[in-house]
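Asker: Have a look; sequence and predicted model below, questions after that.
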Amino acid sequence: HLVEAGGGSVEAGGSLRLSCEVTGATDSRYCTGWFRQDSGKEREAVASIDRNGRATYADPVKGRFLISKDNAKGIYYLEMNNLKPDDTGMYYCALSTVIPRATLRSDGYSVWGQGTQVTVSS
């Protein structure tokens, strides 16, 4: 299971740090990703990280977001800085069970969390 936390409401330019706790038996060989979806829009990738800490980011968040992980605790993080109203949405953590390299393709992930809401006001 995945449990996200850390969402909230902030003004544009603010920061939030999301966390994703992994519980139960998991395979650390595969990548983890963050995705988001705002009402009326399609789900989009945000960032992904592999077992060695190599990360990839979607263009809209490059330079502002940072994905990281604490292997000992089984927790993944998404540090979000200089937030913009377009960053508003439900943020989901996801685990892949087949793909080792970081990927922004949502079809590579089979385990999803329940999401945490991020709202950025202008």
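Answerer: Looks like it arrived, so ask away.
Asker: contacting residues around Gly33?
Answerer: Residues in contact with Gly33, defined by C-beta atoms under 8 Å, 6 or more residues apart in numbering, are 45-49, 93-94, 96, 102-104, 106, 108-109. Every C-beta, even on glycine, is put in place using the N, C-alpha and C of the backbone.
Asker: Let's see the pLDDT reported for Thr23.
Answerer: On the pLDDT scale, Thr23 is placed at 84.
Asker: Can you report how many residues neighbour it?
Answerer: Using other C-beta atoms under 10 Å, Thr23 is surrounded by 9 other residues.
Asker: which ones are touching it?
Answerer: By C-beta under 8 Å, 6+ apart, the contact set of Thr23 is 1-3, 74.
Asker: give me the beta-bridge partners of Leu66?
Answerer: With DSSP bridges as the criterion, Leu66 is bridged to Glu79.
Asker: and it, how far is that from Lys84?
Answerer: Using C-beta to C-beta, to the nearest Å, Leu66 is found at 16 Å from Lys84.
Asker: Also Ala72?
Answerer: 33 Å.
Asker: And these two? Which one has more around it.
Answerer: Lys84 (15 against 6).
Asker: Surely that one is in contact with Glu11?
Answerer: No: Lys84 is beyond contact range of Glu11, at 10.5 Å (criterion: C-beta atoms under 8 Å).
Asker: Find the residues that touch each one of these two.
Answerer: With C-beta under 8 Å, 6+ apart as the test, Lys84 and Glu11 both reach Val120.
Asker: Tell me how far the nearest residue to Ala55 once chain neighbours are set aside lies from Val111.
Answerer: Closest residue in space to Ala55, ignoring its immediate chain neighbours: Ile49 at 4.5 Å, by C-beta to C-beta, 6 or more residues apart in numbering. Using C-beta to C-beta, Ile49 is found at 15 Å from Val111.
Asker: Same check on Thr97?
Answerer: Taken as C-beta to C-beta, the span from Thr97 to Val111 is 7 Å.
Asker: low-scoring stretches of the chain, by residue?
Answerer: 25-27 (pLDDT under 70).
Asker: The same query, at a cut-off of 90, please.
Answerer: Scanning the chain with the threshold set as pLDDT under 90 gives 1, 22-30, 51, 70-74, 97-100.
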